[in-house]
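Trainee: quick one: sequence and predicted model below, then my questions.
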Amino acid sequence: MRERSRAWRARGERIGLVPTMGNLHGGHLELVDRLAGEVDRLVVSIFVNPLQFGPDEDYDSYPRTLEADLAALEERGVAAAFAPTAREMYPGAEPPRTGIDVPALTGTLCGASRPGHFAGVAVVVVKLLNIIEPDVAIFGRKDYQQLQVVRRVVHDLDLPVAIRDGPVVREADGLALSSRNSYLAPEQRRRAPALYAALCELAAALRDGRRDLAALEAQGRERLLAAGFDAVDYVAVRRCEDLAEPRGDEACLVCLGAAYLGSARLIDNVEVALHV
Ligand code: AMP
């Protein structure tokens, strides 16, 4: 992979990377389309990264649809799909001993309930960047905290890559596209848009000037439980910039939520731009 991308670079071509875990849907393809106009060669990586799954999570059952993914990428004229095996990425019996920690960002929200998740993401992203050496890489705002972690790692470690982001792509009823949506039974699928609806309601309250965040967050949780979610991991209002708790002077807040329908863990977020 690196030989190929170095050959492109030697010809003066600009290289873009879209990292994915495959099972490609409209959210991924939006990132592909956004970056395609900006680069000469687009690489899409497809790798279900064992390092970012907890022991009780869905690594084994995560949907893998390589052939359909490759067909969709070929249709879009992607220069290369990089789809290594876990053994190729992590040779030897042991997982890598080098970790990347971003303590200020990963102890909270999804990081609090998925210990080690973002450390696993950071390691695989840095490996992919080092293997492919893209000029630019793009991530979806759907995984808001992940995007922040990636930006932080790239900034703090001086990685020579520009990071772009893309909007959350949704179904017509508001549910954010996700490979994990395929876990939902029809009845759960009907309830799933309540996550986005609850976050929109929270965002509207913030736009109206409300700042009683604890009460608004509690209301969001209750709304999800009332809509039939089985458990709520968190509903939270944070600063867009660094996911810290708001102080009252920020220009951008983000409402984030994570909740379970059965064993499917759904996440979503809505940004609120404020006139300060
Ligand atoms: P994944 O395959 O779930 O690891 O996602 C790969 C990339 O696609 C990440 O940067 C995600 O944030 C992004 N992505 C996944 N779902 C969506 C969506 N519904 N809208 C926008 N980006 C998405």
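Mentor: Structure received. It should be emphasised that the depicted structure is a prediction, and the values quoted were computed from it without experimental measurement.

Trainee: specify the beta-bridge partners of the residue in the stretch 101-250 of the chain that the ligand sits nearest to.
Mentor: Scanning the stretch 101-250 of the chain for proximity to the ligand using CB to the nearest ligand atom identifies residue 140 as nearest, at 2.2 Å. From N, CA and C alone the C-beta is placed, and that goes for glycine too. Judged by DSSP bridges, the bridge partners of residue 140 are residue 166.

Trainee: contacting residues around it?
Mentor: By CB atoms under 8 Å, 6 or more residues apart in numbering, residue 140 lies in contact with 27, 28, 30, 31, 147, 165, 166, 167, 168, 169.

Trainee: distance check, the fifth one against residue 86.
Mentor: Yep, that's residue 147 we're talking about. Here the criterion is CB to CB, to the nearest Å. By it, residue 147 lies 24 Å from residue 86.

Trainee: comparing these two, which residue is more hemmed in?
Mentor: The residue with the greater number of neighbours, taking residue 147 and residue 86 and applying other CB atoms under 10 Å, is residue 147; the counts read 18 against 14.

Trainee: nearest spatial neighbour of that one, chain-adjacent residues omitted?
Mentor: If the residues on either side of it in the chain are set aside, residue 147 comes closest to residue 139, at 4.8 Å by CB to CB, 6 or more residues apart in numbering.

Trainee: wouldn't the one you found be in contact with residue 146 here?
Mentor: Yes. Between residue 139 and residue 146 there is a contact at 6.7 Å, judged by CB atoms under 8 Å.

Trainee: out of the contacts of residue 140, who's nearest residue 202?
Mentor: Residue 202 lies nearest to residue 168 out of the contacts of residue 140, by CB to CB, at 15.3 Å.

Trainee: surely that closest one and residue 176 touch.
Mentor: Yes. Using CB under 8 Å, residue 168 and residue 176 qualify as a contacting pair, with a distance of 5.2 Å.

Trainee: find residues that contact each of these two.
Mentor: With CB under 8 Å, 6+ apart applied, the overlap between the contact sets of residue 168 and residue 176 consists of 27, 142, 268.

Trainee: hang on, the earlier thing: any idea how far the residue nearest to residue 147 is from residue 226?
Mentor: Remark: distance between residue 139 and residue 226 (CB to CB) = 33 Å.

Trainee: with residue 157 instead?
Mentor: Computed with CB to CB, the distance linking residue 157 and residue 226 is 44 Å.

Trainee: would you map the helices across this structure?
Mentor: Remark: helices assigned in the chain by DSSP state H are 2-10, 26-36, 66-75, 86-89, 103-106, 110-113, 117-132, 144-156, 186-191, 194-207, 213-226.

Trainee: what angle sits between the last one and helix 194-207?
Mentor: Helix 213-226 runs at 160 degrees relative to helix 194-207, counting by axes from the mean of the first three to the mean of the last three CA atoms, to 10 degrees.

Trainee: go on, the first one?
Mentor: With the same axes, to 10 degrees defining the directions, helix 2-10 sits at 40 degrees from helix 194-207.

Trainee: which helices and strands does helix 2-10 pack with?
Mentor: Helices and strands in packing contact with helix 2-10 are listed as strand 15-20, strand 41-46, helix 117-132; criterion 3 or more CB pairs under 8 Å, 6 or more residues apart in numbering; DSSP states H and E.

Trainee: need these in TSV with mean pLDDT, distance to the ligand and mean neighbour count, can you?
Mentor: Converted to TSV, the helices and strands packed on helix 2-10 look like this (pLDDT from 0 to 100; distance: least, CB to the nearest ligand atom, whole Å; neighbours: other CB atoms under 10 Å):
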stretch	mean pLDDT	distance to the ligand	mean neighbour count
strand 15-20	98	4	26
strand 41-46	98	8	25
helix 117-132	98	9	21
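
Trainee: indicate which one of these is closest to residue 90.
Mentor: Shortest separation from residue 90 across the helices and strands packed on helix 2-10 is recorded for helix 117-132, at 8.9 Å, computed as CB to CB.

Trainee: any low-confidence regions in the stretch 101-250 of the chain?
Mentor: Along the stretch 101-250 of the chain, no part satisfies pLDDT under 70.

Trainee: kindly report the residues of the stretch 1-150 of the chain close to the ligand.
Mentor: The stretch 1-150 of the chain has residues 20, 21, 27, 28, 30, 31, 139, 140, 142, 143 near the ligand, with proximity defined as CB under 6 Å from any ligand atom.
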